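A.B. asks: Below is the sequence, then the predicted model.
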Amino acid sequence: MAKRKEEYGNESIKSLKGADRVRKRPAVIFGSDGVEGCAHSIFEIISNSIDEARDGHGNRINVTLYPDHSVEVEDFGRGIPVDYNKAEQRWNWDLVFCELYAGGKYGEGDGNYDFSLGLNGLGLCATQYASEWMTADIYRDGMHYHLDFKKGENV
């Protein structure tokens, strides 16, 4: 016998927030919730590094796969701007790692990139949201910034 379900009414409509937007539906962003999706998330991170290198910022990208299946991507580009963004009234690290559709590839003729492989504001945040953990070491303007995330939350 079919199990009776709750009534479908106004309170049935919900929105996913924060990391749940990716963690509960990774295939929407990565095309798969399996190994292919994981590979695509890494491709997005590498694509951001390639975009930097193509634009003349950095001449090497190191990708390391570890025995525990974690991946490290190291590039030698300009580093992500992570300081406070007056226009957005948020820290850039929070925008880039914790807000879908936030990135530096949206300006018209702003000169950031002539060509871009990455998802333009989805890849880094979505990968962070989908990951069990993510560590980011960012070197920019003579500073070293270290960020740790666990299941989509900054720790």
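C.D. replies: Here it is on my side, so go on.
A.B. asks: got a list of what the one residue sitting closest to the centre of the chain touches?
C.D. replies: Centrality entry for the chain: nearest residue to the mean C-alpha point is residue 124, 1.5 Å, by Cα atoms, centre = their mean. Residue 124 makes contact with 44-45, 48, 96-97, 103, according to Cβ atoms under 8 Å, 6 or more residues apart in numbering. The C-beta positions use only the backbone N, C-alpha and C, and glycine is treated the same way.
A.B. asks: Let me see the mean pLDDT of the longest helix along the chain.
C.D. replies: Using DSSP state H to define each element, the chain has its longest helix at helix 35-54. Averaged across helix 35-54, pLDDT comes to 90.
A.B. asks: Quick one: list the elements packing against the helix or strand that that helix is followed by.
C.D. replies: Per DSSP states H and E, the first helix or strand lying C-terminal to helix 35-54 is strand 61-65. If you count contacts as 3 or more Cβ pairs under 8 Å, 6 or more residues apart in numbering; DSSP states H and E, strand 61-65 packs onto helix 35-54, strand 71-75.
A.B. asks: Check the offset of strand 61-65 from the chain's centre.
C.D. replies: Strand 61-65 has its C-alpha centroid displaced from the chain centroid by 17 Å (Cα atoms, centre = their mean, to the nearest Å).
A.B. asks: what residues does it touch?
C.D. replies: Residues contacting strand 61-65 (Cβ under 8 Å, 6+ apart): 42, 46, 49-50, 53, 71-76.
A.B. asks: What are the buried residues along it?
C.D. replies: residue 61 (16 or more other Cβ atoms under 10 Å).
A.B. asks: follow-up on the earlier one: could you rank the contacts of residue 124 by neighbour count and give me the top one?
C.D. replies: Comparing those by number of neighbours (other Cβ atoms under 10 Å), residue 48 comes first, having 27 neighbours.
A.B. asks: which secondary structure elements does the longest helix of the chain contact?
C.D. replies: Short answer (3+ Cβ pairs under 8 Å, 6+ apart): helix 35-54 packs on helix 26-30, strand 61-65, strand 71-75, helix 123-130.
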